[in-house]
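# Quick one: sequence plus predicted model below, questions after.
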Amino acid sequence: MKVIRIILFACLATGLFFIALSGARQRQMSVQVKNGQVRSAPSFLGKIVGALSYGDRVNLMEEKKAWLRVAMPGSGISGWMHASSLTRKQIVLKAGAADVRQAATSDELALAGKGFNRQVEGEFRAKNRHVDFSWIDQMEQYAVSQSQINRFIQYGGLTPEGGDQ
């Protein structure tokens with residue numbers, strides 16, 4: 001009788017381990033934007049406490065409306081990210097990896113960076129030599145700081161979509 005209890009306990013423990021392991025995989029997400037901002041609060045006004053890159057894997061800890069509390073294993077980075085910055089799909093950047101079927105194409109990488117990659121841009125410019133790209137080049141150099149965004153939102157009395165202030 002004692003042996004049967006030990007065997008049943010071992011089976012139960014093994015089953016719980018595999019359930020927990022499969023749940024952990026489902027609770028992992030990938031960053032799907034070039035630069036993902038991790039914030040101290042579930043709001044676009046929350047202080048930026050870290051940044052993650054395209055393809056980084058995070059553990060999902062909590063959901064609050066369109067915001068997800070995440071932690072990146074081994075980095076010490078944890079906080080809130082907007083759901084639009086994440087995907088459940090595992091992004092593999094290295095061609096030839098074991099799961100290459102899930103690897104992002106160069107076009108997906110270019111789109112994830114919200115623009116062309118150098119090759120695509122070069123081909124586009126070559127086909128459109130009559131177009132003046134100087135304004136586009138100038139706009140790409142312009143950067144808005146988080147404090148400028150916060151002032152704009154507060155001055156306009158705006159509430160960012162998908163987040164609380």
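In hand now; what should we look at?

# wait, isn't residue 36 in contact with residue 49?
No - counting by C-beta atoms under 8 Å, residue 36 does not reach residue 49; the two are 12.0 Å apart. For the C-beta atoms, the positions are set from N, CA and C on the backbone; glycine is no exception.

# Looking at these two, which one has more neighbours?
residue 36 (23 against 15; other C-beta atoms under 10 Å).

# Let me see the ranges of the helices in this protein.
Remark: helices assigned in the chain by DSSP state H are 2-26, 106-112, 118-127, 134-141, 146-155.

# so where's the protein shaky on pLDDT?
1-26, 93-117, 160-165 (pLDDT under 70).

# Residues in contact with the lengthiest strand in it: which ones?
Assignment by DSSP state E gives strand 57-64 as the longest strand of the chain. Strand 57-64 is contacted by residues 24, 27-31, 42, 52, 68-73, 78, 80-81, 86, 90 when judged by C-beta atoms under 8 Å, 6 or more residues apart in numbering.

# what comes up buried for that strand?
58, 60 (16 or more other C-beta atoms under 10 Å).

# what residues are up against residue 156?
Neighbours of residue 156 in contact, by C-beta under 8 Å, 6+ apart: none.

# Among the contacts of strand 57-64, the buried ones, what's the ChimeraX command?
A single ChimeraX command selects the buried members of the contacts of strand 57-64 (16+ other C-beta under 10 Å):
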select :29,30,31,42,52,68,69,70,72,78,80,81,86
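
# so residue 149 makes contact with residue 48?
No - taking contacts as C-beta under 8 Å, residue 149 lies outside contact range of residue 48: 10.6 Å.

# beta partners of the residue nearest to residue 27 when sequence neighbours are not counted?
Once flanking residues are discounted, residue 27 sits nearest to residue 60: 4.5 Å by C-beta to C-beta, 6 or more residues apart in numbering. Residue 60 has the following beta-bridge partners by DSSP bridges: residue 70.

# Look up how far residue 136 lies from residue 142.
Per C-beta to C-beta, to the nearest Å, residue 142 is found 11 Å from residue 136.
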